[in-house]
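Asker: Would you be able to build a 3D model of this:
(one chain, ligands or ions: 4)
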Amino acid sequence: MMVDSVDSKECCLCGNCKLVCPTQAITFSKKENNFFYPNIDFEKCIECNKCEKVCPVLKPVEQQDLLKSYAIKNKEVDELKKSSSGGVFVALAQSVLAENGIVYGAAFCEDFKVRHVAIHCEKELYRLQGSKYVQSKLGDVFEEIKQYLRQGRTVLFSGSPCQSAGLRAYLGKEKVDGVLYIVDFICHGILSENLFQEYIKYLENRRKSKVISFCFRDKTYGWVDSGPKIEYENGKNDHWPLYEDLYMQGYFQGLCMRESCYTCAFKNYCSGSDLTMGDFWGAEQLMPDFYDKNGVSLLCIQTRRGEELFNKAKEKFIIQEETIEVLAKYNQGLFYPFNKGSKNVFFNELAQKEGYMKALEETCKLSRMEKIKRFYRRLKRKLYI
Ligand SMILES: Cc1cc2nc3c(=O)[nH]c(=O)nc-3n(C[C@H](O)[C@H](O)[C@H](O)COP(=O)(O)OP(=O)(O)OC[C@H]3O[C@@H](n4cnc5c(N)ncnc54)[C@H](O)[C@@H]3O)c2cc1C
Ligand code: SF4
Ligand code: SF4
Ligand code: SF4
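Answerer: Ligands and ions are numbered 1, 2, ... in the order given. This next block holds a predicted model:
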């Protein structure tokens, strides 16, 4: 069996098959919704089956037990504000860097393309902070991580559940001297680089100026009302909550996500990660004494290794142990993939004819009632400061 048996609906683009193929028979090209998928050149293939052995779809990791779960937030308000939720990731990363370890995560690179990069010092960590709702390309970071582990180094890898499963599959059972920690997040799904690039162009046309900075979850108006802050070369900026952002509306409605996201096999502790982070949505109602307007996270510990990393960073957090039923009451994405809604067909047909942005505008049109609700939300937001 080779990776050609992986249905394109399941492939999550971990890139492992291409990395291990000894004859370079595997390449990636854009297919459905401009996401990249693997192709095999059968003239070059020698049927060694190496690709099959590292594919997280063909070799799924075992479901893990949940050891502990916490409501959690970073004690440093500055770090909390720079992070999307409760600033868990940054504190874990600081602990690894303090021991001369290496931290991998997703950063905005040239032209707002999102890539996994290695961070070696604390002053560069800001690049990984904050969620980027675009598929991050891994390049050959799994091979780099393998080499560091062979040298006995400590590595923290942070990514989506499918990327975590991909890394486990890539490393296999080889015994190494180094220590690897994997932290993932509750994942709603992922949008294509292409769509985000079109969105940037759309914003630039609107403002007649180049976008020079983009933050998906700026917290000027607090965590619950966090949203994109966009700065332009001409000094103007845009700032609106997530639920008003056109690109994010499409995301929340499940339009145009990678096919594998609608049937995601890596949820429900099936990613092989040591720790799982997420937004603790509903904290203001479920744990009002713990709630913080700058953000609150939930943290799941799946392994002893995860517990070891958590203990190293523990003094940087305020924590309260709680059951996962409470913590994930409004966050079922921990367990179940997002349903592909009926609007998807309409969106895709229109996108083919008129392009993504026009299709998003038409599909996400607000009803009268929604417009009224938005008006009151805006008013509330204005009163925040
Ligand atoms: C695409 C995506 C979907 C998400 N969906 C949900 C959800 O449905 N429910 C929920 O509770 N939480 C979701 N999250 C997670 C949440 O937004 C926070 O990132 C998480 O709670 C950690 O917050 P933090 O404050 O500790 O750290 P932050 O500083 O916000 O975390 C940043 C970490 O996320 C990683 N990261 C950022 N963007 C990407 C990317 N494109 N690909 C891979 N890794 C990335 C970085 O490497 C870094 O390690 C999602 C995040 C992303 C990126
Ligand atoms: S079977 Fe071997 S040669 Fe063929 S595509 Fe897979 S890794 Fe490459
Ligand atoms: S999931 Fe990864 S290894 Fe499997 S086919 Fe897709 S890119 Fe290749
Ligand atoms: S929903 Fe699943 S397949 Fe989609 S990006 Fe998240 S972890 Fe990967």
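
Asker: count of neighbours near the residue of the stretch 51-200 of the chain found nearest ligand 3?
Answerer: Closest contact between the stretch 51-200 of the chain and ligand 3, by Cβ to the nearest ligand atom, is at Cys55 (3.3 Å). In this view, the C-beta of every residue, glycine as well, is placed from N, C-alpha and C. Residue neighbour count, defined by other Cβ atoms under 10 Å, stands at 27 for Cys55.

Asker: tell me the contacts of it?
Answerer: Val3, Val6, Cys14, Asn16, Cys17, Ala169 (Cβ atoms under 8 Å, 6 or more residues apart in numbering).

Asker: how near is the fourth one to Gly278?
Answerer: Spelled out, that is Asn16. Applying Cβ to Cβ, to the nearest Å, the value for Asn16 to Gly278 is 25 Å.

Asker: Have a look at the two and say which one is more surrounded.
Answerer: Ranked by neighbour count (other Cβ under 10 Å), Asn16 and Gly278 place Asn16 first, with 27 against 21.

Asker: just checking, that one touches Ala169?
Answerer: Yes - Asn16 lies in contact with Ala169 (Cβ atoms under 8 Å); the separation is 6.1 Å.

Asker: what do those two both touch?
Answerer: Common neighbours of Asn16 and Ala169 (Cβ under 8 Å, 6+ apart) are Val54, Cys55, Pro56.

Asker: can you redo those residues as TSV with pLDDT?
Answerer: Formatted as TSV, the shared contacts of Asn16 and Ala169 follow (pLDDT from 0 to 100):
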residue	pLDDT
Val54	96
Cys55	96
Pro56	96
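
Asker: secondary structure class for Cys215?
Answerer: Look at Cys215: counting by DSSP: H, G, I helix; E, B strand; the rest coil, its state is strand.

Asker: nearest residue to it other than its sequence neighbours?
Answerer: Lys229 (4.8 Å; Cβ to Cβ, 6 or more residues apart in numbering).

Asker: before we move on, which element is the one you found in?
Answerer: Per DSSP states H and E, Lys229 falls inside strand 227-232.

Asker: Quick one: distance of that strand to the chain centre.
Answerer: A distance of 19 Å separates the centroid of the chain from that of strand 227-232, by Cα atoms, centre = their mean, to the nearest Å.

Asker: Residue of this structure nearest ligand 1, please.
Answerer: Closest point on the chain to ligand 1, by Cβ to the nearest ligand atom, is Gly105, at 2.5 Å.

Asker: for that residue, helix, strand, or coil?
Answerer: From three-state DSSP, the assignment for Gly105 is strand.

Asker: Could you double-check that it sits in contact with Leu128?
Answerer: Yes - between Gly105 and Leu128 a contact is recorded at 3.5 Å, counting by Cβ under 8 Å.

Asker: Where does pLDDT dip in this protein?
Answerer: Within the chain, the ranges that satisfy pLDDT under 70 run 1-2, 381-385.

Asker: Which residues are in contact with the residue nearest to the spatial centre of the chain?
Answerer: Nearest residue to the geometric centre of the chain (Cα atoms, centre = their mean): Ser160, 4.9 Å. Counting by Cβ under 8 Å, 6+ apart, Ser160 touches Ser136, Asp184, Phe185, Cys187, Ile190, Phe266.

Asker: Equivalent analysis for Gly87, please.
Answerer: Lys73, Asn74, Glu76, Glu79, Leu80, Gly295, Ser297.

Asker: The residues you listed: which two are farthest apart?
Answerer: Spatial extent of the contacts of Gly87 (Cβ to Cβ) is set by the pair Glu76 and Ser297 at 13.7 Å.

Asker: what about those two, which has more around it?
Answerer: Shown here are Glu76 and Ser297; by other Cβ under 10 Å, Ser297 has more neighbours (29 against 16).

Asker: Report how many residues lie close to the residue nearest to the more buried one when sequence neighbours are not counted.
Answerer: Of all residues beyond its chain neighbours, the one nearest Ser297 is Gly86 (3.1 Å), with distances taken as Cβ to Cβ, 6+ apart. Around Gly86 there are 30 other residues, counting by other Cβ under 10 Å.

Asker: for Tyr133, same thing?
Answerer: Tyr133 has 22 nearby residues by other Cβ under 10 Å.

Asker: What distance do you get for it to Cys215?
Answerer: For Tyr133, the distance to Cys215 - Cβ to Cβ - is 12 Å.

Asker: what do you get for Arg377?
Answerer: For Arg377, the distance to Cys215 - Cβ to Cβ - is 20 Å.

Asker: One more: Glu284?
Answerer: Remark: distance between Glu284 and Cys215 (Cβ to Cβ) = 23 Å.

Asker: ok, which stretches of the stretch 101-250 of the chain are strands?
Answerer: All strands of the stretch 101-250 of the chain, identified by DSSP state E, counting those that start in this stretch, fall at 102-108, 114-119, 154-158, 179-185, 211-218, 227-232, 237-239.

Asker: so Ser69 is in which element?
Answerer: With DSSP H and E as the test, Ser69 turns up in strand 68-74.

Asker: which bits of the protein sit near ligand 2?
Answerer: 2, 20-21, 23, 25-26, 40, 45-51 (Cβ under 6 Å from any ligand atom).

Asker: mind putting these in JSON lines, secondary structure, neighbour count and distance to Ile119 included?
Answerer: As requested, the residues of the chain next to ligand 2 are arranged in JSON lines below (DSSP: H, G, I helix; E, B strand; the rest coil; neighbours: other Cβ atoms under 10 Å; distance: Cβ to Cβ, whole Å):
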{"residue": "Met2", "secondary structure": "coil", "neighbour count": "21", "distance to Ile119": "35"}
{"residue": "Val20", "secondary structure": "helix", "neighbour count": "18", "distance to Ile119": "26"}
{"residue": "Cys21", "secondary structure": "coil", "neighbour count": "23", "distance to Ile119": "29"}
{"residue": "Thr23", "secondary structure": "coil", "neighbour count": "12", "distance to Ile119": "34"}
{"residue": "Ala25", "secondary structure": "coil", "neighbour count": "21", "distance to Ile119": "33"}
{"residue": "Ile26", "secondary structure": "strand", "neighbour count": "22", "distance to Ile119": "29"}
{"residue": "Ile40", "secondary structure": "strand", "neighbour count": "16", "distance to Ile119": "34"}
{"residue": "Cys45", "secondary structure": "coil", "neighbour count": "17", "distance to Ile119": "37"}
{"residue": "Ile46", "secondary structure": "coil", "neighbour count": "10", "distance to Ile119": "38"}
{"residue": "Glu47", "secondary structure": "coil", "neighbour count": "9", "distance to Ile119": "39"}
{"residue": "Cys48", "secondary structure": "coil", "neighbour count": "14", "distance to Ile119": "35"}
{"residue": "Asn49", "secondary structure": "coil", "neighbour count": "12", "distance to Ile119": "35"}
{"residue": "Lys50", "secondary structure": "helix", "neighbour count": "18", "distance to Ile119": "30"}
{"residue": "Cys51", "secondary structure": "helix", "neighbour count": "25", "distance to Ile119": "30"}
